[in-house]
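Q: Generate coordinates for the sequence data below:
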Amino acid sequence: MPGGGTLGFTIRLWKELCRNQRGGVGPLKNRTRAEAANVCICRLCPSFYECGEILAFCMPDGGKSICITSEVGCVCPGCPVQQTMGFSHEYYCTRGNDQEQAGKTGGGVET
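A: This next block holds a predicted model:
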């Protein structure tokens, strides 16, 4: 596929799904982590380590990776998932999903 390949097509499809989903309740409330993983850019991140996990650590049913332990750099701010979901944090793979980082869930260990 010219001008963006499969990833470009997938991102355009994701954005279209997002536009169709919005209904005043909040962006993409019914999108799944698996759907988001198809367009997320985690694999491009310098901190990413492939170990077979489902990507899109930012999603509500995501969270910290069991494999990624070092913060070497973060591409989350440029990710179409983060942008369309309205998330505002980074390093979801090491710090937890957007809700955990915002302190809205009891999901992490407090120290």
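Q: can we go C-alpha only for contacts and neighbour counts from here?
A: OK.
Q: Please put the alpha-carbon coordinates of the helix or strand in which Cys93 is found into PDB.
A: Using DSSP states H and E, Cys93 sits within helix 92-95. Listed next in PDB are the C-alpha coordinates belonging to helix 92-95 (Å, rounded to 0.1, in the frame of the first residue of the first chain):
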ATOM      1  CA  TYR A  92       2.800   3.200  30.400                       C
ATOM      2  CA  CYS A  93       4.800   0.100  30.100                       C
ATOM      3  CA  THR A  94       6.800   0.800  33.300                       C
ATOM      4  CA  ARG A  95       4.500   3.200  35.200                       C
END
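Q: heads up, I number from 23, so please use that
A: In the new numbering, first residue 23, that becomes helix 114-117.
Q: List the buried residues for it?
A: 114-117 (16 or more other CA atoms under 10 Å).
Q: Okay, now the unreliable bits of this structure?
A: The model of the chain has pLDDT under 70 over residues 23-52, 127-133.
Q: Helices of that one, residue ranges please.
A: For the chain, the helices defined by DSSP state H occupy 27-43, 55-59, 102-107, 114-117, 120-123.
Q: list the helices and strands the third one packs on?
A: Going back to what we said before, that points to helix 102-107. helix 27-43 (3 or more CA pairs under 8 Å, 6 or more residues apart in numbering; DSSP states H and E).
Q: Sounds good, over and out.
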